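Undergrad: Generate coordinates for the sequence data below:
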Amino acid sequence: MTAQVPGCYAGKILRVDLSTERIWTEDWTPETARTYLGGAGLGAKILWEEVPPEVTWDHPENRLILATGPLAGMPVWGTGGLTVVTRGAMTGGGTNTQANGFFGANLKFSGYDAIVLQGQASRWVYLYIHDDEVELRDATDLLGKDTWETQDALQEMLGMSGHQLSVYTSGVAGENQVRFAAIHGDYGHVASKNGCGAVLGNKKVKAVAIVRGSKSLKAADNRGLFQAADDISHDLQHDPSTRSLYEYGTLPGVSGLSRLGALP
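TA: Numbers count the residues shown, from 1 in each chain. Next up, the predicted model:
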């Protein structure tokens, strides 16, 4: 029986050893959920405990963690995304980078708070997730396809469209382990920092495809959750310091970040 984790959490971590093709789940405790908050917290914990300093970004023992926060899948703005944590190809150091879309929500609805990829596949695969059905499937037919083409192909192969299926892939750059390759998903959302797409390609994983799951999530305080969501929505639309984010997204930050030399 899954431990009674705090509200909004699914309560399980999905583990995939690509070298042996073993797939299993781990429960995590309420204490861990509260101490290592969000996808970045959980990913940092796993990276610190399981990847020694001498393990390089392209070593099979490097971990690639796709993790969600506690609000993923809940009715709050901007919470359908995920955090990617790994030892990155650009610097060789630990990194976390965020992407939006529906991947995080679909992962939670399938019953998992995070996916941990370890090892290295002997063949090109994609990871298929639909609730308790989790499989490594042959990805030969997907090779050479860019990120949008990969999602198109998987939707056609699986007979799904729209928000029924969320796909994250590193495309052709990841296949070739380009050191600045990103992980792209849901037609235009990008986890871009530190070459995380090269890590995915090094593990010979072309994509992760998640069918919108059927499991439910529960908040500890529904009224408080909806009030917090309303407050966030109001601030984004009306606060002068955040309104441009509501109207234009992160695009206005490009020129400033470029001047700082801080673009991914």
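Undergrad: Residue 123 touches residue 204, doesn't it?
TA: Yes - using C-beta atoms under 8 Å, residue 123 and residue 204 qualify as a contacting pair, with a distance of 6.6 Å. Bear in mind the C-beta positions are built from the backbone N, C-alpha and C, glycine included.
Undergrad: Show me which of those two is the more surrounded one.
TA: For residue 123 versus residue 204, the count of surrounding residues by other C-beta atoms under 10 Å is larger for residue 204: 16 against 11.
Undergrad: Tell me the spacing between residue 25 and residue 33.
TA: Counting by C-beta to C-beta, to the nearest Å, the gap from residue 25 to residue 33 is 15 Å.
Undergrad: higher neighbour count, the two?
TA: Neighbours per residue, other C-beta under 10 Å: of residue 25 and residue 33, the larger number sits with residue 33, 20 against 14.
Undergrad: Quick check: that one is in a strand.
TA: No - the assignment for residue 33, made by DSSP: H, G, I helix; E, B strand; the rest coil, is helix rather than a strand.
Undergrad: Please name the nearest non-neighbouring residue to it.
TA: In space, and not counting its chain neighbours, residue 33 is closest to residue 5: 4.9 Å by C-beta to C-beta, 6 or more residues apart in numbering.
Undergrad: Count the neighbours of the one you found for me.
TA: 20.
Undergrad: Likewise for residue 245?
TA: If we define neighbours as other C-beta under 10 Å, then residue 245 has 15 of them.
Undergrad: what do you get for residue 235?
TA: Neighbour tally, residue 235, other C-beta under 10 Å: 13.
Undergrad: ok, now the one 4 residues further on?
TA: In terms of burial, residue 239 registers 11 neighbours under the definition other C-beta under 10 Å.
Undergrad: Run through the residues that contact it.
TA: Remark: with contacts taken as C-beta atoms under 8 Å, 6 or more residues apart in numbering, residue 239 is in contact with nothing.
Undergrad: next one: residue 138
TA: 123-125.
Undergrad: and it, what are its bridge partners?
TA: As for beta bridges, residue 138 partners with residue 125 under DSSP bridges.
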